[in-house]
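Colleague: Sequence first, then the predicted structure, then my questions.
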Amino acid sequence: MGSNLSAVKNALMLTLLLAGCGEAPLPTVEVESSVRDSAGIQIVESTAPAWSEGSGWHLGDAPLLDIGRLDGPEETQFFRVSTGARLSDGSFVLGSFGSHDLRRFTSEGRHLWTVGREGEGPGEFVGLTQLVAGSGDTLLTYDFRQRRISRFLSDGTFLDARPLEGGGESGFAFVEALLPDGRAVFTLRMFGGTADGPPPEGEIRRDTIGVHVSGLPGDSVHELGRFPGPEMVVLQSGETEGGFSITISSPAFARSTEIAAGSSEVWIGDTDRFEIRRYGFDGRLEAIVRRAFDPPVVDDALVDRAMEEELQGADDDNERRMIRRRWEEIPLPSTLPAYESLVVDGTGNLWVQLFEVPGAPERTWSVFTLDGIWLGDVKFPDGFRPLEIGDDYVLGRFGDDLDVEHVQIWELVKPAD
C-alpha cells in the first residue's frame, strides 16, 4: 500500500537554504525455493520463480481505461499525479503533487468532483504524497510539507486533519505507507549539512535513517529500527546571508532503502542487494527474503544512454550543466542497484521493481507472497508507474512520448487462479 515517493524524495536536484548551519550475512542454499528458520526468523531464498510457463500473471493487451489529454477538459489535464486509490464501487480518486488536489472519477473515467488547492488551510495541500481509502470509502491523505494527515468523505467533503506525531521538529517526514486505519510508517529525512557548513562537494554520503511507526490517534510512536538512508551528493554550495545554499542530488544509480507496508507487516530493503526484510509493526524481524539476481554491469554505453535520457528532459542550460556534472564528475558504481521500488498489493503480495535499465522497453516487477516465495515477474510498459495494485487491476500513471500525463487502469490477468 502507498505510493512510490522517489520522484519527491530523490529529485535530481534539491536546492536548500540552511540557516547557520549491520548485521552479519547469512549462508545461502542453492535450491529453487528454500525456507528455513534462524532464531525464529524465517529465511526464504529463491533461485527460480514458482509460476510455471504460461501460468504467470500479466497485464491485459491494452488499458481498460486511459484518461489524460494535452488539450482536453481541465479535470483530465494532470500534473504530477503522485497517488491514487480505487473505491468500493470501482470509481477511483487521484491525488496530485503538482496541482494540489484530489479528483474522483467513475470506473468509466467520468469526472465526479475535484477538491483541494494549494494552501495550508483545511483541505488544502502543499506536498500531497499519500492517499488511501479507509473504512466506508473514507479518504486519508498525507501532506509531507505540513506533516498532516487529513480525512475526506467519499463525496469530497473535508472531515478533519491531525499532525503526524513523532519524528522531531526538523527535517522532512516522509510517510512511506499510509494504512486504511490511519497508521503510518514514516522516515525522517535531513537534507543539508551541519552547523559547520555543508558537506564537501562531490562526496557521496549515505546517512542512517530511522523508520518510525505512528499508531492510531493518541497512540505512541516507536522506531522500527535504523537503516542506511539514500545516497546523496552535494553538487554545489555557497554562502548566503546567515547561512549557505546547497544543491543536493542523488548520484547516478544511487543505492537507497525502500519501504512498503501491508496490513500487518513492513517490508524494508537495501537496494544494494536483492534482499528484503519483513518486520511486524512491533519491530520484530519476522523474515528475510532473497532472490538470486545478478545486477547489470555499469559500462560506458549504459552511462551514455542514461545521461542522454536525462539531458532530453532538462528545462534549461543550468540543469543540463548539473546533469553533466552529476554523470561525469561523481563516481559511478560498478553495477546497477538490484531494485528501486516496493509495493504491497491489495491481497498482501510484495511487488519489487527491478532497477530500470536505461533504454529498456519495459519495466519488470518481481512478485513475492507474504511468506516470501518468489512467484515470478510481471512486465509493465515503460513510462507506467503503479499507484495501486489490486487483486485484478493496476491503477497507475503513464507518461507518453509527448510528456502528456495519463492515468490508466490495466487488467491484471492471473491464468493460474
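Modeller: Yep, it's here.
Colleague: Hmm, Glu405 and Asp66 touching each other?
Modeller: No. With contact defined as C-beta atoms under 8 Å, Asp66 does not reach Glu405; the gap is 11.4 Å. C-beta: built from backbone N, CA, C; applies to glycine.
Colleague: Tell me which of these two has more neighbours.
Modeller: Looking at Asp66 and Glu405 with other C-beta atoms under 10 Å, you find the greater number of neighbours at Glu405, namely 19 against 15.
Colleague: Identify the residue nearest that one in space, chain neighbours excluded?
Modeller: Spatial nearest neighbour of Glu405, chain neighbours left out: Phe78 (4.1 Å); criterion: C-beta to C-beta, 6 or more residues apart in numbering.
Colleague: Can you tell me the element the one you found falls in?
Modeller: Mapping Phe78 onto the secondary structure by DSSP states H and E places it in no helix or strand at all.
Colleague: before we move on, what about Arg277?
Modeller: In the assignment (DSSP H and E), Arg277 maps to strand 275-280.
Colleague: my guess is Ser341 meets Glu356, correct?
Modeller: No. Judged on C-beta under 8 Å, Ser341 makes no contact with Glu356 at a distance of 9.4 Å.
Colleague: Comparing the two, which residue is more hemmed in?
Modeller: It is Ser341, of Ser341 and Glu356, that has more neighbours when counted by other C-beta under 10 Å, with 22 against 17.
Colleague: what sits opposite that one in the beta ladder?
Modeller: Gln353 (DSSP bridges).
Colleague: swap in Leu178?
Modeller: Leu178 has the following beta-bridge partners by DSSP bridges: Ala184.
Colleague: residue ranges with poor pLDDT in the stretch 1-150 of the chain?
Modeller: Counting by pLDDT under 70, the stretch 1-150 of the chain shows low-confidence ranges at 1-31, 33.
Colleague: Quickly note the distance from Asp101 to Ile409.
Modeller: Taking C-beta to C-beta, to the nearest Å as the measure, Asp101 falls 20 Å from Ile409.
Colleague: for Val126, same thing?
Modeller: Plainly put, Val126 is 28 Å away from Ile409 if you go by C-beta to C-beta.
Colleague: who has more neighbours, those two?
Modeller: Between Val126 and Ile409, Ile409 has the larger neighbour count (other C-beta under 10 Å), namely 25 against 14.
Colleague: which residues touch the nearest residue to Pro296 once chain neighbours are set aside?
Modeller: What sits nearest to Pro296 in space, not counting adjacent residues and going by C-beta to C-beta, 6+ apart, is Leu336, at 4.9 Å. Leu336 makes contacts with Phe253, Pro295, Pro296, Val298, Leu302, Phe355, Val357, as judged by C-beta atoms under 8 Å, 6 or more residues apart in numbering.
Colleague: Name only those of those that count as buried.
Modeller: Phe253, Pro295, Val298, Leu302, Phe355, Val357 (16 or more other C-beta atoms under 10 Å).
Colleague: what does stretch 152-166 contact?
Modeller: Around stretch 152-166, the neighbours that count as contacts under C-beta under 8 Å, 6+ apart are 87, 102, 104, 113-115, 122-123, 136-139, 141-142, 147-151, 173, 175, 184, 186, 212, 214, 217, 221.
Colleague: Same check on stretch 289-298?
Modeller: The set of residues external to stretch 289-298 that reach it, using C-beta under 8 Å, 6+ apart, is 28, 43-48, 253, 274-278, 302, 332-338, 350, 352, 354-355, 357, 366, 368, 372, 374.
Colleague: Try it again at 6 Å.
Modeller: When contacts are taken as C-beta atoms under 6 Å, 6 or more residues apart in numbering, the neighbours of stretch 289-298 outside the stretch itself are 44-47, 274-276, 332, 334-336, 338, 357, 372, 374.
Colleague: Stretch 54-71 now?
Modeller: Stretch 54-71 is contacted by residues 76, 78, 109, 376, 378, 404-411, 413-416 when judged by C-beta under 6 Å, 6+ apart.
Colleague: swap the cut-off to 8 Å and go again
Modeller: Residues outside stretch 54-71 that contact it (C-beta under 8 Å, 6+ apart) are 49, 51, 76-78, 105, 107-109, 367, 375-381, 393-394, 398, 402, 404-416.
Colleague: one step back: format the contacts of Leu336 as a markdown table; extra columns: distance to Arg321, pLDDT and secondary structure.
Modeller: Rendered in a markdown table, the data for these read as follows (distance: C-beta to C-beta, whole Å; pLDDT from 0 to 100; DSSP: H, G, I helix; E, B strand; the rest coil):
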| residue | distance to Arg321 | pLDDT | secondary structure |
| --- | --- | --- | --- |
| Phe253 | 20 | 96 | coil |
| Pro295 | 29 | 94 | coil |
| Pro296 | 28 | 94 | coil |
| Val298 | 22 | 96 | coil |
| Leu302 | 22 | 95 | helix |
| Phe355 | 26 | 96 | coil |
| Val357 | 26 | 89 | coil |
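Colleague: coming back round to it: tell me the mean pLDDT for the strand holding Arg277?
Modeller: Mean per-residue pLDDT for strand 275-280: 97.
Colleague: same check, this time on stretch 376-390
Modeller: In this model, stretch 376-390 has a mean pLDDT of 96.
Colleague: got the contact list for Arg412?
Modeller: You called it Arg, but residue 412 is Leu. Contact partners of Leu412, counting by C-beta under 8 Å, 6+ apart, are Trp57, His58, Leu59, Gly60, Val378, Ile389, Gly390, Asp391, Asp392, Tyr393, Val394.
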